[in-house]
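> Predicted structure and sequence below. I'll ask about it afterward.
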Amino acid sequence: MRNQSAPRVLAVDPFSRGVGFAVVEGPARLVDWGIRTTGRADNAKALHVIAKLIDRFRPDVLAFEDWDSDGSRRCGRVQTLLDRIAATEGPRVLVRLITRRQIRAIGPLPQTSTKRGRACLLAERFLELQPFLPPSRKPWMPEDDRMAIFDALGFALACFPKKTWEDLPEQTPP
């Protein structure tokens, strides 16, 4: 059942073979998350995947990385993809560009210097994500595709003011 009082945010994080996504209603309710693969680096397929996610979840806000901000290290192909997504803003969906600095400052989560550290903190807040937390990687290993879920969740949560986090109860394992 959709919570009409909290905006629904769909956040996407494209990666080389697909798109990671997270859907939240307010900072406390994780509606859905996952990865949709495109098989290879293909902007047209990624745009199709994102359009299907928008149709399925009917978000109020579409959030993703501000590829033009300091700290963003997106390749040219993904920058072009994000540019095309930003151009799709319509009367139904507001587009929010989120900087890495905004992600580091979400909610009561302490600032951590690594994506892995932030992913672990998010998995503690949203216990249903713990099975999706990838193992630590070595410097020579590529990033696990599942990290796109946690990046997308960070983009989604950055859409809410910090004060909304103060009233959230702590989750405890079942």
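Received, thanks. Numbering: from 1, shown residues only.
> Tell me if I'm right that residue 57 and residue 7 touch.
No. Residue 57 is beyond contact range of residue 7, at 12.0 Å (criterion: C-beta atoms under 8 Å). All C-beta spots, glycine's among them, are computed from the backbone N, C-alpha and C.
> so where is this protein shaky, pLDDT-wise?
Across the chain, the ranges flagged by pLDDT under 70 are 1-4, 67-83, 86-91, 106-113, 162-174.
> Which positions in stretch 149-166 come out as buried?
149-160, 165 (16 or more other C-beta atoms under 10 Å).
> helix or strand right after the lengthiest helix in the chain?
Criterion DSSP state H: the longest helix present in the chain is helix 43-57. Downstream of helix 43-57, the first helix or strand assigned by DSSP states H and E is strand 61-65.
> Residues in contact with that next one: which ones?
7-14, 54, 72, 74, 82, 85, 89, 93-100, 151-152, 155-156, 158-159 (C-beta atoms under 8 Å, 6 or more residues apart in numbering).
> mind listing which of those are in strands?
Assignment to strands by DSSP state E places the following of the contacts of strand 61-65 there: 8-14, 94-98.
> Going through these, which ones are buried?
Buried residues within these, defined by neighbour count using 16+ other C-beta under 10 Å: 8-14, 96-98.
> Just give me the closest of the residues you listed to residue 141.
Nearest to residue 141 among those: residue 13, at 18.8 Å, using C-beta to C-beta.
> Widest-spaced pair of the buried ones among the ones in strands among the contacts of strand 61-65?
Greatest spacing in those, by C-beta to C-beta: 8 and 14 (20.3 Å).
> what's near enough to touch residue 32?
21-23, 57.
> mind redoing it with 7 Å?
Listed by C-beta atoms under 7 Å, 6 or more residues apart in numbering, the contact set of residue 32 reads residue 23.
> what's around the closest residue to residue 60 other than its chain neighbours, how many residues?
Closest residue to residue 60 apart from its sequence neighbours, by C-beta to C-beta, 6 or more residues apart in numbering: residue 7 at 4.2 Å. Residues within reach of residue 7, counting by other C-beta atoms under 10 Å, total 15.
> Let me see the ranges of the helices in the chain.
So, for the chain - with DSSP H - the helices run 43-57, 76-86, 100-104, 115-125, 147-157.
> picking up where we left off before, check the buried residues of stretch 149-166 against residue 105 and report the nearest one.
Distances from residue 105 to those, taken by C-beta to C-beta, are shortest for residue 158, at 7.7 Å.
> I'd assumed residue 99 was in contact with the closest one.
No. Applying C-beta atoms under 7 Å, one finds residue 158 not in contact with residue 99, separated by 8.3 Å.
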